[in-house]
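1. A predicted structure for the sequence below; I have some questions about it.
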Amino acid sequence: MVSALLFDLDGTLLHSDPLHRRVFAEILAPSGRVVDDAFYAAHIHGRHNLETFAALLPGEDAAWWDVEKEARFRRLLAQEGATPLPGLTTLLDRAAAAGLPVAVATNAAQENAEAMLEAIGLRARFEVVVCADQVAAPKPAPDVYLTAARRLGADPARALAFEDSPSGLAAARAAGCTVVGLATGLSPETLRAKGATHVITDYTDPGLDVLLGITRGAHA
């Protein structure tokens, strides 16, 4: 029996990677780096900003760039808006009807997490939101998942964790969760190679029925 649904945020609840990529491209352009899809996937996707900036802008203040980058991202998000991934709202309805608790476990800073959840109109659906700045270590450490499960009163070994990045997959596996990979940025083959037990394109995938143990239409 599934104990909880634990969700990453960027690329898992919404397609935010294109906005992040544009901001990184703007910041890194003066250094001569071209942030295309391949560069983003190899050097940025799923990594914490402090690690990213330390590697890509050596000698500069990674902490300052972390704050600056996220401020630019929030401005762009406010300008362009966002929508939840297909099927997400229905999945949350089904989980609520089945009494299945849900939480967000993300490497995003709290201000960003709040902004993204508000942008897709789902902030009120998540009582528990655990961010990297609230735990000892960000993903790929399991802290955000273990903390989210604890706050829900759920057994992480019986939780489904939804992820889209290598570091997130590693974190969820280290927490003992069953890991569902979202193929929003990486191929299904890559997600499986990085630790996903199951792979879906979005939350309309009928394969979720077996994983959840609840049936479609099981909500008011």
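-> All right, it came through fine.
2. low-confidence ranges in the protein?
-> 214-220 (pLDDT under 70).
3. Which parts of it are helices?
-> Here the chain has its helices, by DSSP state H, at 17-28, 37-43, 49-56, 62-80, 88-97, 110-119, 143-152, 166-174, 188-193, 208-212.
4. Burial check on Leu14, number of neighbours?
-> Using other C-beta atoms under 10 Å, Leu14 has 21 neighbouring residues. In this view, the C-beta of every residue, glycine as well, is placed from N, C-alpha and C.
5. quick revisit: from the helices of the chain, which stretch is densest packed?
-> Stretch with highest mean neighbour count among the helices of the chain: helix 166-174 (a mean of 24; mean count of other C-beta atoms under 10 Å).
6. Specify the angle between that one and helix 143-152 in degrees.
-> Orientation check (axes from the mean of the first three to the mean of the last three C-alpha atoms, to 10 degrees): helix 166-174 against helix 143-152 gives 50 degrees.
7. what packs against helix 166-174?
-> Using 3 or more C-beta pairs under 8 Å, 6 or more residues apart in numbering; DSSP states H and E, the elements in contact with helix 166-174 are helix 143-152, strand 159-163, strand 178-182.
8. follow-up on the earlier one: redo the helices of the chain as CSV? Include distance to Asp10.
-> Putting those into CSV (distance: least, C-beta to C-beta, whole Å) gives the following:
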stretch, distance to Asp10
helix 17-28, 6
helix 37-43, 12
helix 49-56, 12
helix 62-80, 10
helix 88-97, 14
helix 110-119, 7
helix 143-152, 13
helix 166-174, 9
helix 188-193, 15
helix 208-212, 20
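9. Val2: which of these is closest?
-> Across those, Val2 has its closest neighbour in helix 208-212 (6.0 Å, C-beta to C-beta).
10. Tell me the helices and strands packed up against the closest one.
-> Against helix 208-212 (3+ C-beta pairs under 8 Å, 6+ apart) you get helix 88-97, strand 178-182.
11. that older thread, could you dump the helices and strands packed on helix 166-174 into JSON lines with distance to Arg21 added?
-> Below are the helices and strands packed on helix 166-174 laid out as JSON lines (distance: least, C-beta to C-beta, whole Å):
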{"stretch": "helix 143-152", "distance to Arg21": "23"}
{"stretch": "strand 159-163", "distance to Arg21": "19"}
{"stretch": "strand 178-182", "distance to Arg21": "17"}
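12. if we can go back for a sec, in JSON lines, list the helices and strands packed on helix 208-212 along with distance to Ala29.
-> Output for the helices and strands packed on helix 208-212, formatted as JSON lines (distance: least, C-beta to C-beta, whole Å):
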{"stretch": "helix 88-97", "distance to Ala29": "33"}
{"stretch": "strand 178-182", "distance to Ala29": "29"}
